[in-house]
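Undergrad: Okay, here's the prediction I keep looking at, along with the sequence it came from:
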Amino acid sequence: MSEPTTTSQPDEQDTADRGANRSHRPASTAFKTFVMSQWAPRAELGLKASAAAPFTVARRAALSERLPGMRLVIPAGSLKTRSNDTDYRFRPHSAFAHLTGLGTDHEPDAVLVLHPVADGAGDHGSNHHAVLYVRPLAPRDNEEFYADARYGEFWVGARPSLADIEALTGIEARHIDELGDALAKDVGEGGVRLLVVTDADEAIEALVEELRQEAGETEDEEILTDEILVEATSELRLIKDEYEIERMREAVARTIEGFEAVVRALPAAKKHRRGERVVETTFDGHARLEGNAVGYETIAASGEHATTLHWIRNDGEVRSGDVLLLDGGVEVDSLYTADITRSLPVDGEYSDVQRKIYQAVLDAADAAFAVAKPGAKFRDVHAAAMEVIAARLEEWGFLPDGVTAADALDEDGQQHRRWMVHGTSHHLGLDVHDCAQARRELYLDGVLEPGMVFTIEPGLYFKSDDLAVPEEFRGIGVRIEDDVLVTEDGNENLSAALPRRPEDVEAWMASLR
């Protein structure tokens, strides 16, 4: 990897500057003159409005209607340091991506601002005018062009111009240097109040707070707070529009292909001392080739590791006779992700005990699907799955003496949850746990509506040292997870193309080998 360079080295350096010790770029006038000259005109990118652009108009209008008169600040976020002077690959904050349609690695440091205007006088009849403040492509007579390792064209490629951003998003674009003055306008007593999406960009949060203090804003319980904006941007995503549903279908399709690639790689995984890494890299490589990345760290858990809910170390063996729990999701370029789990017999066939556990989990999932329809509550999905899990554990004699399934399902019981401590469902979309800042009454206690997308993922996990179950059950973890779209008359299993029944899983694996 190439190293950033500097023009000079002071006699005394702060430790933060010592990364500059490694190398130096030329500092001569001759170099600067020459490196910034004799370049052909840049070719036009020819960007057109993204497929998301028409839908983001409606999303911004919905947010505008909810928070009239407020200046709404939605940062994309900044580059995050991985080590010294190297950064992680950038991913914009989901609220920013949802309201602008920008995906992949667009656009570090950008900030979407919805400026309040008279009611109905804003964009498309809304109460706000949207402006994107971005760091545009620097001209080639600017040192950023060749000297800035974070933003320079020589280092990271050409950035879009302001005109490019406007063409792509349909939103007015201004230079990021104008942001401070734009946010400060009319802020203060009796004027405009600033609201910012928190936990997206510390520098922007600090700027907003500084402007509030300079304007003499005082705390007032009657005045809306940043939390309200965070809630609003999260709750906007509870019901997916047509564009989002299509992106979810795309993410699911790419994810299923990744599962197929993993099955083909199982012979190699069995031979490697860290076979789980073979599984992980096979899936993650597919995600990077066919999408933007993985939507979350892939869980490739074989044998006992499958009883650890978020096993992402993935450094274990994949042994004959094991069940491999693969929990993965491809995030496509629009940043929408799938989230699917299958528990696969490494040798292609389940043992009797593995099949018994698998069938119990599948029955629980099917019970959850049966109630996932408009008018039901989100919590009903989990309750339906738990009824099956508790009943099966009672049937097997695993509940404590004298405890029935009904006793366990009571709030004062819950003994069955020893073997499934997680919930059955979570919303899914731009984030793998989407809409997480939504209010409880709209999420856990919310009523299901067409357009909602969430997971159904019951499981049973019997750790190898669990003395509450027979020995033959120990060291087996099973989870089955599908992505579900609520429709007008029921639901659609978006991931139904990936086999679920044990005999179908076995036949599918055999066909791929």
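TA: In hand now; what should we look at?
Undergrad: Contacts only, for the residue nearest to H305 when sequence neighbours are not counted.
TA: Of all residues not flanking H305 in the chain, W311 sits nearest, at 4.7 Å (CB to CB, 6 or more residues apart in numbering). Where you see a C-beta, it was placed from the backbone N, CA and C, and this is true even at glycine. Shown in contact with W311 (CB atoms under 8 Å, 6 or more residues apart in numbering): 299-301, 305, 325.
Undergrad: Would you mind finding the longest helix in the protein?
TA: helix 242-271 (DSSP state H).
Undergrad: what's that one packed up against?
TA: Counting contacts by 3 or more CB pairs under 8 Å, 6 or more residues apart in numbering; DSSP states H and E, helix 242-271 is packed against helix 53-66, helix 275-290, strand 323-328, strand 330-331, strand 340-345, strand 453-456, strand 482-487, helix 502-512.
Undergrad: Highest mean neighbour count out of the ones you listed?
TA: strand 330-331 (a mean of 29; mean count of other CB atoms under 10 Å).
Undergrad: coming back round to it: could you save the helices and strands packed on helix 242-271 as a markdown table and add columns showing distance to V73 and mean pLDDT?
TA: Below are the helices and strands packed on helix 242-271 laid out as a markdown table (distance: least, CB to CB, whole Å; pLDDT from 0 to 100):
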| stretch | distance to V73 | mean pLDDT |
| --- | --- | --- |
| helix 53-66 | 12 | 97 |
| helix 275-290 | 32 | 98 |
| strand 323-328 | 34 | 98 |
| strand 330-331 | 25 | 98 |
| strand 340-345 | 35 | 98 |
| strand 453-456 | 28 | 98 |
| strand 482-487 | 32 | 98 |
| helix 502-512 | 48 | 98 |
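Undergrad: Tabulate those in a markdown table, adding columns for distance to A385.
TA: Listed next are those as a markdown table, based on distance: least, CB to CB, whole Å:
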| stretch | distance to A385 |
| --- | --- |
| helix 53-66 | 32 |
| helix 275-290 | 26 |
| strand 323-328 | 17 |
| strand 330-331 | 25 |
| strand 340-345 | 14 |
| strand 453-456 | 7 |
| strand 482-487 | 12 |
| helix 502-512 | 18 |
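Undergrad: right, and these - which one's nearest D164?
TA: helix 53-66 (13.3 Å; CB to CB).
Undergrad: Neighbouring strands - and their directions - for the very next helix or strand once past the closest one?
TA: Per DSSP states H and E, the first helix or strand lying C-terminal to helix 53-66 is strand 70-75. Strand pairing for strand 70-75, determined by DSSP bridges: strand 111-116 (antiparallel), strand 193-196 (parallel).
Undergrad: Next, the angle helix 53-66 makes with strand 70-75.
TA: Per axes from the mean of the first three to the mean of the last three CA atoms, to 10 degrees, the angle that strand 70-75 makes with helix 53-66 is 140 degrees.
Undergrad: Give the buried residues for strand 70-75.
TA: 70-75 (16 or more other CB atoms under 10 Å).
Undergrad: Phi, psi for S302 please.
TA: S302 adopts backbone torsions of phi -110, psi 140, taken as degrees, to the nearest 10.
Undergrad: what does the one 4 residues further on give?
TA: According to degrees, to the nearest 10, the main-chain angles of A306 amount to phi -70, psi -10.
Undergrad: isn't it right up against S464?
TA: No. In this structure, A306 is not within contact of S464 by CB atoms under 8 Å, at 10.7 Å.
Undergrad: More neighbours: those two, which one.
TA: Neighbour totals were compared for A306 and S464, and A306 leads with 28 against 12 (other CB atoms under 10 Å).
Undergrad: which residue packs closest to the more buried one, ignoring adjacent ones?
TA: Once flanking residues are discounted, A306 sits nearest to G477: 3.1 Å by CB to CB, 6+ apart.
Undergrad: if I've got this straight, the one you found is in a strand?
TA: Yes. Using DSSP: H, G, I helix; E, B strand; the rest coil, the secondary structure at G477 is a strand.
Undergrad: doesn't H422 make contact with it?
TA: No. Proximity of G477 to H422 does not meet the contact threshold set by CB under 8 Å, at 11.7 Å.
Undergrad: More neighbours: which of these two?
TA: Neighbour comparison, G477 and H422: the larger count goes to G477, with 26 against 14 (by other CB under 10 Å).
Undergrad: List the beta-bridge partners for the more buried one.
TA: With DSSP bridges as the rule, G477 is bridged to Y461.
Undergrad: residues contacting it?
TA: Per CB under 8 Å, 6+ apart, neighbours of G477: 301, 304-308, 323, 325, 343, 459-462.
Undergrad: Distance to E143 for these - can I get that in CSV?
TA: Listed next are the contacts of G477 as CSV, based on distance: CB to CB, whole Å:
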residue, distance to E143
A301, 49
E304, 56
H305, 51
A306, 53
T307, 55
T308, 50
V323, 57
L325, 52
S343, 55
G459, 55
L460, 60
Y461, 56
F462, 62
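Undergrad: from the residues you listed, which is closest to I239?
TA: When these are compared for distance to I239 (CB to CB), G459 wins out at 27.3 Å.
Undergrad: ok, for the closest one, nearest residue in space, not its chain neighbours?
TA: Closest to G459 by CB to CB, 6+ apart is R479, at 3.4 Å.
Undergrad: That neighbour against L362, yeah?
TA: No. Applying CB under 8 Å as the test, R479 and L362 come out as separate, 10.7 Å apart.
Undergrad: Report the set of residues contacting both of those two.
TA: In contact with both R479 and L362: no residue, using CB under 8 Å, 6+ apart.
Undergrad: When those two are compared, which one has more neighbours?
TA: Between R479 and L362, R479 has the larger neighbour count (other CB under 10 Å), namely 24 against 19.
Undergrad: got a pLDDT number for the more buried one?
TA: Per-residue pLDDT puts R479 at 98.
Undergrad: And for R25?
TA: 77.
Undergrad: Tell me which residues of stretch 157-176 come out buried.
TA: 159-162, 164-171, 173-174, 176.
Undergrad: so who does the most centrally placed residue in the chain touch?
TA: Taking CA atoms, centre = their mean as the criterion, D431 is the residue nearest the geometric centre of the chain, at 2.8 Å. Residues in contact with D431 (CB under 8 Å, 6+ apart) are 94, 337.
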